[in-house]
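K.L.:
Structure for the following, please:
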Amino acid sequence: MASTIVGNKEYIDTKELSVRWGKSPKTIAYWRQNNKGPGFYRFGEGTRRKAWYDLDEVREYERTKLDQPIYTKTSG
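P.N.:
Residues are numbered from 1 along each chain as shown. Sure, this is the predicted structure:
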């Protein structure tokens, strides 16, 4: 499990979130780039800082929004 503690908060990385949700890391990254899904934070130094998700916020997102579709198909 790829998690880290900062202050009194636990954060999981993209890979762990993808395992948790049964999605590929690329899907999670795509959603992140398009402002879908829970908020994220970047820790570390340099230009390759990892994206981290507050585990409490992930749980809240799962509780309130995960059952809603990220995208809605339209007929056409």
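K.L.:
need the contact list for the nearest residue in space to residue 9 that is not next to it in sequence.
P.N.:
What sits nearest to residue 9 in space, not counting adjacent residues and going by Cβ to Cβ, 6 or more residues apart in numbering, is residue 54, at 5.7 Å. C-betas here are computed from N, CA, C, even on glycine. Neighbour list for residue 54: 9-11, 38-39, 41 [criterion: Cβ atoms under 8 Å, 6 or more residues apart in numbering].
K.L.:
Among these, name the buried ones.
P.N.:
11, 38 (16 or more other Cβ atoms under 10 Å).
K.L.:
Show me the two of the contacts of residue 54 that sit farthest apart.
P.N.:
Taking Cβ to Cβ, the two most distant members of these are 10 and 39; they sit 14.9 Å apart.
K.L.:
circling back to that earlier point, can you report phi and psi for the residue nearest to residue 9?
P.N.:
phi -60, psi 120 (degrees, to the nearest 10).
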